[in-house]
Every structure is written in C-alpha cells, then in structure tokens.
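K.L.:
Any chance you could fold what I've pasted below:
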Amino acid sequence: MDKYIKAPITEEDAKTLRAGDYVYLSGTIYTARDAAHQRMDETLNQNEQLPIELPNNIIYYMGPSPAREGRPIGSAGPTTASRMDKYAPRLLDLGLKGMIGKGKRSDAVKEAIVRNGAVYFAAVGGAGALLSKSITASEVVAYDDLGTEAIRRLEVENFPVIVVIDSQGNNLYETAVHEFGGAQ
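P.N.:
From the prediction side, this is the model:
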C-alpha cells in the first residue's frame, strides 16, 4: 500500500505503517553514518546535548557524493544499516522514530523499534542518483569535519522508501522469505 507521510513522523503515523508498505516521505530528515553515530554516542556518554533533536525524527544512513551544479546533493544512496546497530537502540530510546538504510537489523534494534513505536525503512541500494532527485535541500548541521559523514538536514519531497520493520515487529525480510519461498 502506498502511503504519503510528513517528516518528522508522529508516533501515530509510525504505528499505521506495516512491513511492505511503500512510503513517500516529505519534510525534514537527517543523515548520519558510522562516524557521526560514534560521535553522538560519545556525546551522550559525556552527558552533553546532541547536535540534533531526536524525538520523532528520521535518520537516513547515507553519505552523499558531491553535488552537481544546480543540485543540492549528489548521489544519495543508502548504506548498510547494521553498521549502526550498536548505536540505534539508544537513539530510539531517546525518541528517534525512524531510520532509513539497507539490509537487515539486529534483534536488539528490532526490540527497540517495537518498544518505541518506531519504524525501519529501506531505500533501494544502487539507486542513489534517482533518490537524490527527491532531495530538495541539503545542509551540514553538525560534525562538518567528518566530510561525507557529517550530519546533514535534508528536505525531501516524496522520498521513496519501503517499511521493512514496523512498530509491531513485523519484518519484511523475514515474511518475504516465507511468502515467496526463498532460502534463508
């Protein structure tokens, strides 16, 4: 089912989404990858404030390529989400409502998604140039010294994602294997 959702996402919206739903996000999302997640974790360990607000926000695991002339961003494909698994439960417990990446997530992340009424979306890997067309603005908001791994605020319009793990814990990667008879 196709759904159009405004970001930041409300808990009510997150709870209406089901694994397998096609979602088009519009609004504000943030990017962060490995190095930014590590730095946010260190910041929290020092009892300092994060550079972005987490409640109801969505983090896209992406490091863009340089922008071409006239565009706000270059290719903007997802990175492997499991690299952020050691940090994600803590961020979800602090109010993060959604994550966008590619690939499977750990049981600890799945439990935190359910515990917090959140959602994990997948963006299509290898389609970074196409995905960048849904990004209307990009601004580095923290950790500029990390280069492509800096935290960016993105404005998106109908950014296409698929719900992989919903707030009930349904996991598209698991259900699709059973439904279509693939190997595990």
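K.L.:
List the buried residues for the top strand by length along the chain?
P.N.:
Ranked by residue count under DSSP state E, the longest strand found in the chain is strand 151-165. Using 16 or more other C-beta atoms under 10 Å as the test for burial, strand 151-165 gives 151-156, 159-165. Where you see a C-beta, it was placed from the backbone N, CA and C, and this is true even at glycine.
K.L.:
and the gap between the residue lying closest to residue 151 once chain neighbours are set aside and residue 70?
P.N.:
Leaving out its chain neighbours, the residue that sits closest to residue 151 by C-beta to C-beta, 6 or more residues apart in numbering is residue 142, at 4.1 Å. Remark: distance between residue 142 and residue 70 (C-beta to C-beta, to the nearest Å) = 26 Å.
K.L.:
ok, these two, which is more surrounded?
P.N.:
Neighbour totals were compared for residue 142 and residue 70, and residue 142 leads with 19 against 5 (other C-beta atoms under 10 Å).
K.L.:
Next one: that one, what pLDDT does it get?
P.N.:
pLDDT for residue 142: 96.
K.L.:
so it touches residue 52, yeah?
P.N.:
Yes: assessed by C-beta atoms under 8 Å, residue 142 is found in contact with residue 52 at 6.5 Å.
K.L.:
shared neighbours of the two, which are they?
P.N.:
residue 151 (C-beta atoms under 8 Å, 6 or more residues apart in numbering).
K.L.:
Could you point out which of the buried residues of strand 151-165 is nearest to residue 101?
P.N.:
Comparing those against residue 101 with C-beta to C-beta picks out residue 164 as the nearest, at 8.9 Å.
K.L.:
Now do the end-to-end distance for stretch 138-147.
P.N.:
Terminal residues of stretch 138-147 are spaced 14 Å apart (C-alpha to C-alpha, to the nearest Å).
K.L.:
Would you mark the buried spots in the longest helix seen in the chain?
P.N.:
Longest helix of the chain, by residue count under DSSP state H: helix 34-45. Of the residues in helix 34-45, 34-40 count as buried by neighbour count, 16+ other C-beta under 10 Å.
K.L.:
likewise stretch 110-128?
P.N.:
Buried residues in stretch 110-128, counted by 16+ other C-beta under 10 Å: 110, 112-114, 116-123, 128.
K.L.:
just stretch 56-72 next, same as before
P.N.:
Using 16+ other C-beta under 10 Å as the test for burial, stretch 56-72 gives 56-64, 72.
K.L.:
how about the strands in the protein?
P.N.:
Taking DSSP E as the criterion, the chain carries its strands at 2-7, 22-31, 58-60, 98-101, 119-122, 135-142, 151-165.
K.L.:
No further queries at this time; thank you.
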